[in-house]
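Q: Following is a predicted model, sequence given first.
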2 protein chains.
Amino acid sequence: VDDLVRRVLASDTRAAARLCRLVDDRAPGYRSLLRALHGASAPATVLGVTGSPGAGKSTLVDRLVAAFRARGGKVGVVAVDPTSPFTGGAILGDRIRMQRHFDDPDVFIRSVATRGALGGLSRSARDVARVLEAWGARVVVIETVGVGQDELDVTLAADTTIVVVAPGQGDDVQAIKAGILEAADVFAVNKADRPGADAAVRDLENMLALGALTLAALAPAGHGHSAAPARVASGAAGTGWTPPIVRTIATTDHGVAELVLRAEEHRAWLETKAGRSHRAVRARRLVESALRDALSERIVSELGEEMDRAAEQVLAREEDLDAAVERLTQRLRGGGALAP
Amino acid sequence: VDDLVRRVLASDTRAAARLCRLVDDRAPGYRSLLRALHGASAPATVLGVTGSPGAGKSTLVDRLVAAFRARGGKVGVVAVDPTSPFTGGAILGDRIRMQRHFDDPDVFIRSVATRGALGGLSRSARDVARVLEAWGARVVVIETVGVGQDELDVTLAADTTIVVVAPGQGDDVQAIKAGILEAADVFAVNKADRPGADAAVRDLENMLALGALTLAALAPAGHGHSAAPARVASGAAGTGWTPPIVRTIATTDHGVAELVLRAEEHRAWLETKAGRSHRAVRARRLVESALRDALSERIVSELGEEMDRAAEQVLAREEDLDAAVERLTQRLRGGGALAP
C-alpha cells in the first residue's frame, strides 16, 4: 500500500490534504490511491445538506459540525460550490466559511468546485468524502446548493439528506420542488423567526401530502421511461418515512439539536426493511449517475475531434443532429473511444 | 414520404399536433418521421427565453409572440416545463398560458415536460421545435426555466437566447450566474417599474464586466478538462458580442419592441466571422449534450439489470463504486448495450 494511503488511514491531516489536492488535480494515479482506501476504514455517516442559495445552509452546517464535535469523533465537511471559473469560489470559500472550526484539528473542511465537466462535481465530492472517511471522520457533511440535477445528484452519496428552506423563497422553490421532494429525508425551515416561517412549514406539509397522494395515484399506472419508476419510488413518501420538518434558527443554534435527532432517526430507519429498500433505490441511482458522468468524461476526452466535425455538419444543415448522434454512438460502440 | 410528414410540411395544424403527440409518446418510428423533415422546410429563427421562476417569462413570451405575429408569418412556442409527474404541468400549462393567441391559427403552442429521463427534456424540446419549423413557423420561441444544466442545455438549440431577470431576485441569481452568463445573448430586466430595477441592471453590467475580465485572465492558463475551454470560449463576452440589457414591463408591452430589435441584431451578428465561430462552439456543445443524453437513455434501457446488481454490491461495500462504473463501461464497449 502506498505510503500516502497509509498515512491518511493513520489520520494524518497533511496527508489527507495532499490526497485531496491530488483528487482536485485528477493527478495521474489518484484513482488507484482512492481504491486502496476501499474497505480500509470504518464507514462514516454521510449527511447531505442542500437548499436554495440564501437559505442559510453554511451557518447551519457550521452548527451541525459543532453538535457532532460535542459528541467526540472527527468531522469532515465537503462544500460543493457550483460557481464557475468566473468567481473562483472554491479557493475563497474555505477561508471565509466556518472560521470557528479552523483551530480544531478534528474538523476537516474542503471545497469542491466545478471545472466545466458535467457531473465532475458529484465525483469530486464523493472522492473527497472518501478521503475524509479514510482520515477518520465519523460524520461527513456534504453541503451543496440544490438548484440543478448535478447538484442534487451529489446527495445520492449521502445516507441522509437535510433540505434547508427559508421563509419567503416560495416562488423560487416551485421549480425545484420535485427534485427536492425526492432528495429530502429531513426538512429544516431555517430563519424560523422571520415572517413567513409558518407558511413555509405549511407549504412543505402540503407538498408532502400532495406528493404522497400523487405517488399513490401514479404507482399502478407506471411510466414509459424506465428511469421514472426509480425516481418516483425513491421519493421518501412512498417508503414508510415521512420527512419531518424542523424549525431552525442557525444563528442562535435553535432547533439544531432536534435536527441532529431527526437525522439520526432517519439513519436508524435506513436499517429497517423499508429503509434498506430505499437505500437500494438510491444506490441504483448513484450507480446510474456515476456511469453517466464517466461516459460524459470519456466522450469529451476521446471523441472531441469527431464531435467538432459533427457540429460543423449540423450547423451547415448537412447532417441531422439525430443522425450525427447515432453515428457517434456507433463509433463508441465499435472501437477505441471507450477503451480505458 | 409518409403522409403525416407531407401534411405537416403543408402546414396542416392537426397533423403537426399529431406528430407532436408521437414525439411526446416516443411512439415507434417517430424518429424516422422527424428525420424525413430534415432540410424539407425553410429554417426558422429559434429564440430561447430563459430565467428564474417568477421573472415573468411567460408574459414576455406572450408579448414577443404578438410582436412577431404583427410582422406576419407563423410563430411556434415550445414551453419547457421541468415539473415532475407530481404536478402534471404540461397538461395544464398549455391551457392557462397565452390565451390571447388561442384563436390565432398561425400560432402553435406546445408544452414539453420531463418524464424522469435526464436530458429527455432537451431532446423533446428540439424535436417539437423541428415539427413547428416544418409546419411553417418563421420563429420558434423556446421558453425554459433557467435553474439547471438540463434546462440551460435546451437553449443550445436556440440561435439567440434572451435571459429574463426581475428586480429583487439577486440572491437567487447568484448560484446560476455562471450558466446564465454563458447562455445569454440578450438580457431583459423585466418588471422594470419595480424598485430594484436599476440595481438589477447594474448587477448585470458588473457581471458582464467581471466575466469579460475573468475570461481574459483565464484564457492563457487553460484548464485540465477539455470541456472547460469550450464553455469559457462560448461566453458571449469573449466573441465580440456584449449582451445588451433591455428594460421591459411585459404586462404593458414596454420595451418589447426594443427586445425584438436586439434579438434581431444578435441574429445578424451570428452571420459575421465572430458570430460564426460563436455558433460553431454552441453547435459543438449541442452535439456533446445530445450525445450525452442519448447515452444516458441507452444505459437506462439496456444496462438496467446490471446496474441493479452493481448497486447491491456497492451498497454492501463488496465493490467500490468506481470499479463498478469501470466494469459497466467495459460492458458497454464489449457488446450489446450500445446496439441500435
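A: Thanks, I have the structure now.
Q: in chain A, which helix or strand is least confident?
A: helix A:227-233 (a mean of 34; mean pLDDT, DSSP states H and E).
Q: Touching the very next helix or strand once past that helix from outside, list them.
A: As assigned by DSSP states H and E, the chain's next helix or strand after helix A:227-233 is strand A:245-247. The contact list for strand A:245-247, computed with Cβ atoms under 8 Å, 6 or more residues apart in numbering or on different chains, reads A:186-189, A:192, A:197, A:201, A:204-205, A:254-255, A:258-259, A:262. In this view, the C-beta of every residue, glycine as well, is placed from N, C-alpha and C.
Q: one more time with 6 Å, if that's ok
A: The contact list for strand A:245-247 (Cβ atoms under 6 Å, 6 or more residues apart in numbering or on different chains) reads A:187-189, A:192, A:201, A:204, A:255, A:258-259, A:262.
Q: can you tell if stretch A:61-80 touches chain B?
A: No: using Cβ under 6 Å from any Cβ of the partner chain, stretch A:61-80 never reaches chain B; the gap is at least 11.2 Å.
Q: Counting by contacts, list what the longest helix along chain A packs against.
A: In chain A, taking DSSP state H as the definition, the longest helix is helix A:273-302. Packed against helix A:273-302, as judged by 3 or more Cβ pairs under 6 Å, 6 or more residues apart in numbering or on different chains; DSSP states H and E, are the following elements: helix B:273-302, helix B:304-315, helix B:321-334.
Q: and the shortest one, C-alpha only, in CSV?
A: Meaning helix B:304-315. The C-alpha trace of helix B:304-315 is given here as CSV (Å, rounded to 0.1, in the frame of the first residue of the first chain):
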residue,chain,number,x,y,z
GLY,B,304,-30.8,-1.7,-16.1
GLU,B,305,-30.4,-5.1,-14.5
GLU,B,306,-26.6,-4.9,-14.4
MET,B,307,-26.8,-1.5,-12.7
ASP,B,308,-29.2,-3.0,-10.2
ARG,B,309,-26.7,-5.7,-9.4
ALA,B,310,-23.8,-3.3,-9.2
ALA,B,311,-25.9,-1.1,-6.8
GLU,B,312,-26.4,-4.0,-4.5
GLN,B,313,-22.7,-4.7,-4.4
VAL,B,314,-21.8,-1.1,-3.9
LEU,B,315,-24.3,-0.8,-1.1
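Q: Let me know the average pLDDT across it.
A: Model confidence over helix B:304-315, given as mean pLDDT, is 93.
Q: now do stretch A:185-193
A: Here the average pLDDT along stretch A:185-193 is 94.
Q: what do you get for stretch A:163-181?
A: On average, stretch A:163-181 scores 64.
Q: What's the end-to-end length of it?
A: 9 Å (Cα to Cα, to the nearest Å).
Q: that older thread, narrow the contacts of strand A:245-247 to those in helices?
A: A:201, A:204, A:258-259, A:262.
Q: The longest helix of chain A: which residues count as buried?
A: Residues of helix A:273-302 classed as buried: A:275, A:278-300, A:302 (neighbour count, 16 or more other Cβ atoms under 10 Å in any protein chain shown).
Q: swap in stretch A:191-211?
A: Buried-residue list, stretch A:191-211, by 16+ other Cβ under 10 Å: A:191-192, A:196-197, A:200-201, A:203-204, A:207-208, A:211.
Q: Taking these, tell me the two that lie furthest apart.
A: Longest distance between any two of the buried residues of stretch A:191-211 is 23.8 Å, between A:191 and A:211; criterion Cβ to Cβ.
Q: Please compute how far stretch A:196-208 lies from its chain's middle.
A: 24 Å (Cα atoms, centre = their mean, to the nearest Å).
Q: Just the residues contacting it, thanks.
A: Stretch A:196-208 is contacted by residues A:165, A:167-168, A:187, A:189, A:245 when judged by Cβ under 6 Å, 6+ apart.
Q: any chance of these in CSV, plus neighbour count?
A: CSV is the format used below for these (neighbours: other Cβ atoms under 10 Å in any protein chain shown):
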residue, neighbour count
A:165, 27
A:167, 20
A:168, 15
A:187, 27
A:189, 26
A:245, 19
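Q: Which of the residues you listed sits closest to chain B?
A: If you rank the contacts of stretch A:196-208 by distance to chain B using Cβ to the nearest Cβ, residue A:168 comes first, at 10.5 Å.
Q: excluding its backbone neighbours, what's nearest that closest one?
A: Closest residue to residue A:168 in three dimensions, ignoring its sequence neighbours and counting by Cβ to Cβ, 6 or more residues apart in numbering or on different chains: residue A:196, at 4.8 Å.
Q: quick revisit: which one among the buried residues of stretch A:191-211 gets closest to chain B?
A: Among those, residue A:211 lies closest to chain B (Cβ to the nearest Cβ), at 5.8 Å.
Q: so residue A:112 sits in a strand?
A: Yes: counting by DSSP: H, G, I helix; E, B strand; the rest coil, one finds residue A:112 located in a strand.
Q: Run through the bridge partners of it.
A: Listed by DSSP bridges, the beta-bridge partners for residue A:112 are residue A:80.
Q: That one and residue A:126, how far apart?
A: Counting by Cβ to Cβ, to the nearest Å, the separation of residue A:112 from residue A:126 is 10 Å.
Q: Quick test: name the residue nearest the centre of chain A.
A: Nearest to the mean C-alpha position of chain A, by Cα atoms, centre = their mean, lies residue A:154 at 2.0 Å.
Q: one step back: which ones among the contacts of stretch A:196-208 are found in strands?
A: A:165, A:187, A:189, A:245 (DSSP state E).
Q: Tell me what the nearest residue in space to the last one that is not next to it in sequence is bridged to.
A: The shortest distance from residue A:245 to any non-neighbouring residue, by Cβ to Cβ, 6+ apart, is to residue A:187 (4.5 Å). Taking DSSP bridges, one finds residue A:163, residue A:245 as the beta-bridge partners of residue A:187.
Q: need the contact list for residue A:187.
A: Residue A:187 neighbours (Cβ under 6 Å, 6+ apart): A:163, A:204, A:243, A:245.
Q: Output the residues you listed in CSV, with distance to residue A:121 appended to each entry.
A: As requested, the contacts of residue A:187 are exported to CSV (distance: Cβ to Cβ, whole Å):
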residue, distance to residue A:121
A:163, 18
A:204, 26
A:243, 24
A:245, 28
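Q: From those, which shows the smallest pLDDT?
A: residue A:204 (85).
Q: the helices in the stretch 51-200 of chain A, which residues?
A: Secondary structure of the stretch 51-200 of chain A (DSSP state H, counting those that start in this stretch): helices at A:57-70, A:89-96, A:120-135, A:149-154, A:170-174, A:177-183, A:197-218.
Q: The residue nearest to residue A:292 when sequence neighbours are not counted and residue B:191, how far apart?
A: Excluding its sequence neighbours, the residue lying closest to residue A:292 (Cβ to Cβ, 6+ apart) is residue B:296, at 5.1 Å. Distance check for residue B:296 against residue B:191: by Cβ to Cβ, it reads 37 Å.
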